[in-house]
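**Student:** predicted model and sequence follow; I will ask about them next.
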Amino acid sequence: MNALTGTQRLLRLALRRDRFVLAFWVLGLTLFLFGTTHMSVVGLPTHRDVVTETRFMATNPGMRLMSLSAGASVGAYAMSRSYLTVAVLAAVMSVLCVVRHTRQNEETGRDELLRAGVVGPAAGVAAAVVVALAADLALAPLLALAMIANGQPVAGSLAAGAAVAAVGVAFTSLAALTSQLASSARGASGLGLAGVAVAFALSGLGNTLGHVDASGLVATSVWPTWLSPLGWGFELRPFGGDHWWVLALPAALAAALIAVAVRYAARRDLGRGVLAVRAGRAAASPRLRGPFGLAWRLQRNAFVAWLVTVIGFGLIFGSVSGSAGAMTGSMRQWYLRMGGTSRLLDAFFTSMIELAGMLVAIYVVQVLLRLREEESRGRLEPVLAGAVGRSRWVASQLASAGLGATVLLASFAVAMAVAAGPAVGGTVDLLRELTVAALAQMPAVLVVAGVVLAVFALLPRRAVVASWLLVGAAILASPVFGASLRLPQWVVDLSPFAHQKAPALAVGHGALVVLLTVAAALCAAGFGAFRRRDLAA
């Protein structure tokens, strides 16, 4: 028996476990790119519109942080607007997939049972890498088809799909290594996602410090971008040259990191990482005596990561608000239609606040799904065996998530106001308006929280997939995406994010009452169902 014995059997097991999760990721990213490309096609009907918006993206340093313009075409514009989001999500998908089938298996004891048979020590990491690579490579043609279906050139569309898939491949290999370095699934995921953050920072720095050609349509980065797998996707230049040779960089990185990971897996002790485990405190903090303190401690790391993210986006969107007032053509009309007003700057702020509400809703789904994780891993039973009842435990998780969501929305508004104030004038007034508008998104976020709680209580074994599907549907049906996808108005109205247009319009108090009522009803149904059902494995 060698180190890779049994890889084929573990591969079949991993594919069975992830057949729904990975399908959701791959199809979700494909639909997202299809929708955003369609938005660009509809929003930029003439070449003049394309040139205007491309120049706005290329010449603004804040926009270059998230995109790198490759020329004046609809495909290049759509890719510059969507690439970073799709690539980061592909990286997250890859990291979570590899960790789930490596370090998590060790943490839960499954790997020990598997190795009692004819299974080599490196078979688990090899199977996990193959599954993640299969998902990454499946993205390439599907993303290309999403752009081709919107009338974009075949060569550029294939390059766009390959750019995203290459990012997934690079972070698959990084996760294979971090799952050997860390001694816990949380540590391995944290190291992998920290790598995504560092890659974003390097590519953003290189793009921001870059320069624009004389036409103002093509942006060029500087050397930090070449240190980042996310930057390599930019440098592949879909619809702007299609530099296929760049794919050699993620391929070489993946080969090196996977080889190191397999070597570590074959030599280290089961259940231990290469990095030494830091000793914990001798005594627990007094804040952990109650369920709320425990809930906040479990959600703290995710909250900090999201806080940094929303503040960063707030600063970016705020910094470009001054230039947003100069938009013309179809994009100007799109923002005015989204905001429901004739004041372009207010419409821009409204659209950004709506996006922030959706981002915070994703955070809420992520942290509330820990309810299911605690239950399925057997950590809930000892908690409920003491003085903590089921309702109190759920309420503490819900309150912690709600508090975190409120802080995130307010932080986004503050960051956006601080960055936009010098450009548009009146920072104090703008801060008040944006904060009120951001907090007006909380009822929609609470509806999402209620949906997650109800699904967890009623369909515990399907809670993860069902929750993400429902929140994805709510986001796609929102005015930001639903109108561009030409969904019927009644479908758009079903989204909880469709009923507030502040600061462009006054906060709709009737909509607040309706959304809060729906959220309360969903939470009540969740509380009642969870009290009555048995704990599910």
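**Tutor:** It's in.
**Student:** please make it C-alpha for all contacts and neighbour counts, starting now.
**Tutor:** OK.
**Student:** so what does Thr220 look like in phi/psi?
**Tutor:** When read as degrees, to the nearest 10, the backbone of Thr220 gives phi -120, psi 140.
**Student:** and Ala70, by the same measure?
**Tutor:** The phi/psi pair for Ala70 (degrees, to the nearest 10) is phi -110, psi 10.
**Student:** the one 3 residues further on too?
**Tutor:** Its backbone dihedrals place Ser73 at phi -150, psi 160, with angles given as degrees, to the nearest 10.
**Student:** residues contacting it?
**Tutor:** When the contact criterion is Cα atoms under 8 Å, 6 or more residues apart in numbering, the partners of Ser73 are His47, Val50, Val51, Phe239.
**Student:** PyMOL command for the buried members of these?
**Tutor:** Provided next is the PyMOL selection string for whichever of these are buried by 16 or more other Cα atoms under 10 Å:
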select buried, resi 50+51+239
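**Student:** out of the contacts of Ser73, who's nearest Arg100?
**Tutor:** Proximity of the contacts of Ser73 to Arg100 (Cα to Cα) peaks at Phe239, which lies at 35.4 Å.
**Student:** and the gap between the closest residue to the closest one other than its chain neighbours and Leu137?
**Tutor:** The spatial neighbour of Phe239 that comes closest, neighbours along the chain excluded (Cα to Cα, 6 or more residues apart in numbering), is Gly156 at 4.4 Å. As judged by Cα to Cα, to the nearest Å, Gly156 and Leu137 stand 17 Å apart.
**Student:** between those two, which has more neighbouring residues?
**Tutor:** Counted by other Cα atoms under 10 Å, Gly156 and Leu137 do not tie: Gly156 has more neighbours, with 22 against 18.
**Student:** can you name every helix or strand that the helix or strand encompassing that one contacts?
**Tutor:** Applying DSSP states H and E as the criterion places Gly156 in helix 154-181. Packing partners of helix 154-181 (3 or more Cα pairs under 8 Å, 6 or more residues apart in numbering; DSSP states H and E): helix 74-100, helix 123-148, helix 185-208, helix 229-235, helix 248-267.
**Student:** among those helices, which is nearest Arg533?
**Tutor:** So among the helices and strands packed on helix 154-181, helix 74-100 is nearest, using Cα to Cα, at 27.5 Å.
**Student:** C-terminal to that closest one, what's the next element?
**Tutor:** helix 103-108.
**Student:** rewinding a little: now the helices and strands packed on helix 154-181 as TSV including mean pLDDT and distance to Arg379?
**Tutor:** Formatted as TSV, those follow (pLDDT from 0 to 100; distance: least, Cα to Cα, whole Å):
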stretch	mean pLDDT	distance to Arg379
helix 74-100	91	18
helix 123-148	94	25
helix 185-208	87	15
helix 229-235	92	37
helix 248-267	93	28
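**Student:** and of those, who's closest to Phe348?
**Tutor:** Using Cα to Cα, these put helix 74-100 closest to Phe348, at 15.8 Å.
**Student:** that closest one to helix 123-148, inter-axis angle?
**Tutor:** 160 degrees (axes from the mean of the first three to the mean of the last three Cα atoms, to 10 degrees).
**Student:** helices or strands up against helix 74-100?
**Tutor:** Against helix 74-100 (3+ Cα pairs under 8 Å, 6+ apart) you get helix 21-43, helix 47-59, helix 123-148, helix 154-181, helix 185-208, helix 229-235.
**Student:** still on that earlier bit, which of the helices and strands packed on helix 154-181 is buried the deepest?
**Tutor:** helix 229-235 (a mean of 28; mean count of other Cα atoms under 10 Å).
**Student:** what comes into contact with it?
**Tutor:** 67-68, 84, 87-88, 163-164, 166-167, 170, 199-200, 202-203, 225-226, 243, 246-247, 249-250.
**Student:** repeat the analysis, applying 7 Å as the threshold.
**Tutor:** Residues outside helix 229-235 that contact it (Cα atoms under 7 Å, 6 or more residues apart in numbering) are Leu68, Ala163, Val164, Val167, Ala170, Ala199, Phe200, Ser203, Thr225, Trp226, Val246, Pro250.
**Student:** kindly report the same for stretch 269-284.
**Tutor:** Glu106, Glu107, Gln180, Leu181, Ala182, Ser183, Arg268.
**Student:** can you check stretch 490-502 too?
**Tutor:** So stretch 490-502 is contacted by 339, 350, 354, 437, 444, 474, 477-479, 482, 507-508, 511 (Cα under 7 Å, 6+ apart).
**Student:** can I get the buried part of these as one ChimeraX selection?
**Tutor:** Filtering the contacts of stretch 490-502 down to the buried ones (16+ other Cα under 10 Å) takes a single ChimeraX command:
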select :339,350,354,437,444,474,477,478,479,482,507,511
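**Student:** just the closest of the contacts of stretch 490-502 to Ser400, please.
**Tutor:** Closest approach to Ser400 among those (Cα to Cα): Ala444, at 16.8 Å.
**Student:** that closest one: which element?
**Tutor:** helix 442-458.
**Student:** what's in contact with that helix?
**Tutor:** Under Cα under 7 Å, 6+ apart, the answer for helix 442-458 is 357, 361, 364-365, 372, 406, 463, 467, 471, 496-497, 512, 515-516, 518-519, 522-523, 525-526, 529-530.
**Student:** most neighbours of all the contacts of stretch 269-284, which one?
**Tutor:** Busiest of the contacts of stretch 269-284 [other Cα under 10 Å] is Gln180, holding 26 neighbours.
**Student:** per-residue pLDDT, it?
**Tutor:** You'll see Gln180 listed with a pLDDT of 92.
**Student:** distance check, it against Ala170.
**Tutor:** Gln180 is 16 Å from Ala170, by Cα to Cα.
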